[in-house]
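1. curious how this folds, go ahead:
(one chain, ligands or ions: 2)
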Amino acid sequence: MSHGKFDHIMFKGGVHPPEGKELSNKCEIKEAPLLDKYTVILQQHIGAPPKPIVVKGDEVKKGQLLAESGGFVSAPIHSPTSGTVSAMTEIPGPMGAKMAAIEITADGKDDFESPFPPIEDWKAIDPDELKKRVAEAGIVGMGGAAFPTAVKLSPPADKKIDCLIINAAECEPFLTADHRTMLERTDAVLEGTAILAKILGVDKIVVGVEGNKPDAIETMSAKAGQYDIKVLEMRVRYPQGAEKQLIYAVSGRKVPTGGLPMDVGCVVQNVGTAVAVQEAVVEGKPLFERVTTVTGEPVVNPGNWKFRIGTPLSKVLELAGGIKHQPGKVILGGPMMGFAQKNLDVTIMKNASGVLLLSKEEITQFESDPCIRCGKCVDACPMNLLPGTLSAAAENERFDIAEDYRVMDCIECGSCSYVCPAHRPLVQHFKRSKAEITAKRRKQ
Ligand code: SF4
Ligand code: SF4
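-> Ligands and ions are numbered 1, 2, ... in the order given. Predicted coordinates for the structure are as follows:
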């Protein structure tokens, strides 16, 4: 058994919100039935939008390329089923603004045609070929960030990488998709991890799992040794799964202010991403579906589903049995870092880790009052920031002050918002400050 317990290195701050995972952590992953129609948003990643290579009326197969990569930091998009391109359209995106999308009307056959062949013996293949496959398959960070994975696997020559960390903390309350994936797709997670390690040329490979998933730790540990992978049990504390906190917990290395994991020799990937890499390499399958948790008290049948990209949230909720009563909020992602949705026409994208419904009672706590200077946010901040001060600066549009007080180091984990007794919209303030500062820097 390859299993260790790393509870001696603990990041400062953080919070322990109610987990809510019991609603779905025993629910096996179900395959969502084929829909009549999918509307696939083009921009599903950070970086340049992909360029469509199909037009209205084209017949497509499942897995066929719909849009090619738009640059180095970009990712292609593949069809979630076979059928016809019925519209080049626009639909609301998760942030509210309309986004370009391709509508596929299914032919019901679900014929798969791989755009690339399976690689039978990946151990014998050049790492650059494997990385090319990751790029061609449209794989992006599936934990939420949606950064193109092949770019993360291409550090500059002066950055020596010696450690691959698989982020299996799944520290966001309510989400259990990674947990179930580790239990049900153990070999795929481990083999995908081994492929990622070969691309990076590293032999220090660690899967970090929070201690609230003992069955996943046991199942993964039982097989990890075959792949020379170590499974580490981590203390349960939000945001244990934030990259900088995870790296510190696993290796004791501190990512410097404004720095990246590669600055301390680490690359972090998510559980779902490892599975997507395994499927792209071993099965020749591009990324067009993912496991998503659908949960929350208002949901009739919370659980985990494998949804194709382009599935509307209205269908997601229908598959989960509908709702018991009108929710106060629908969130794409988890309660700490997810985005509230107003429109159920928004569709599942590659980074959709969860669809969470909160009741009206659960969200009344988010109504905001003035700051009472209690300092709780300072204690909770894992990045040693002064959230109350940063929030006041943002409210007064003094983004220069926010910059001086290191708002750019904020990882948007939401711990400060969670503990704030005045329910201040702190993270929104920081997101705005960061956007303003970034815009100013670009101009300069
Ligand atoms: S200021 Fe940023 S990093 Fe600190 S607790 Fe708040 S959201 Fe997290
Ligand atoms: S926790 Fe909220 S009320 Fe307390 S100091 Fe921070 S922002 Fe102000």
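2. what bridges to Thr105?
-> Lys37, Thr84 (DSSP bridges).
3. what about it, distance to ligand 2?
-> Distance, Thr105 to ligand 2, by C-beta to the nearest ligand atom, to the nearest Å: 49 Å. In this view, the C-beta of every residue, glycine as well, is placed from N, C-alpha and C.
4. beyond the helix-or-strand element of the chain with minimal mean pLDDT, next helix or strand please.
-> Across the helices and strands of the chain, mean confidence by mean pLDDT, DSSP states H and E is lowest for strand 3-6: a mean of 62. Once the chain leaves strand 3-6, the next helix or strand it forms, by DSSP states H and E, is strand 29-31.
5. looking at that following strand now, give me its mean pLDDT.
-> Mean pLDDT, computed over strand 29-31, is 98.
6. how about stretch 197-214?
-> pLDDT averaged over stretch 197-214 gives 96.
7. do you know how far the residue of the chain lying at maximal distance from its centre is from His16?
-> Residue farthest from the centre of the chain, counting by C-alpha atoms, centre = their mean, is Ile372 at 33.8 Å. When distance is defined by C-beta to C-beta, to the nearest Å, Ile372 is 22 Å away from His16.
8. residue numbers of the stretch 251-400 of the chain in contact with ligand 2?
-> By C-beta under 6 Å from any ligand atom, the part of the stretch 251-400 of the chain that sits against ligand 2 consists of Cys371, Ile372, Arg373, Cys374, Gly375, Lys376, Cys377, Pro387, Gly388, Ser391.
9. so the closest residue in space to the fifth one that isn't next to it in sequence, which of the three states?
-> Taking C-beta to C-beta, 6 or more residues apart in numbering, and ignoring the residues beside it in sequence, Gly375 has Gly388 as its nearest neighbour in space, at 7.4 Å. Of the three states, Gly388 takes helix under DSSP: H, G, I helix; E, B strand; the rest coil.
10. got it, and Val209?
-> Val209 ends up strand, using three-state DSSP.
11. quick one, phi/psi of the nearest residue in space to it that is not next to it in sequence?
-> Spatial nearest neighbour of Val209, excluding adjacent residues (C-beta to C-beta, 6+ apart): Ala168 at 4.4 Å. Backbone dihedrals for Ala168, given as degrees, to the nearest 10, come out at phi -120, psi 20.
12. which ones are touching the residue in the stretch 1-150 of the chain positioned nearest to ligand 2?
-> When scored by C-beta to the nearest ligand atom, the stretch 1-150 of the chain has Val15 as its residue closest to ligand 2, at 11.3 Å. Val15 makes contact with Arg237, Tyr238, Ala380, Ser415, Tyr418, Val419 under the criterion C-beta atoms under 8 Å, 6 or more residues apart in numbering.
13. the third one touches Ser417, doesn't it?
-> Just to be clear, that refers to Ala380. No. In this structure, Ala380 is not within contact of Ser417 by C-beta atoms under 8 Å, at 9.1 Å.
14. so how far is ligand 1 from the residue of the stretch 1-150 of the chain closest to ligand 2?
-> Distance, Val15 to ligand 1, by C-beta to the nearest ligand atom: 8 Å.
15. skipping adjacent residues, who's closest to that residue in space?
-> Ser415 (4.6 Å).
16. ok, now which ones touch the one you found?
-> For Ser415, the contacting residues are Gly13, Gly14, Val15, Tyr238, Pro239, Met336, Ala380, Cys381, Pro382, by C-beta under 8 Å, 6+ apart.
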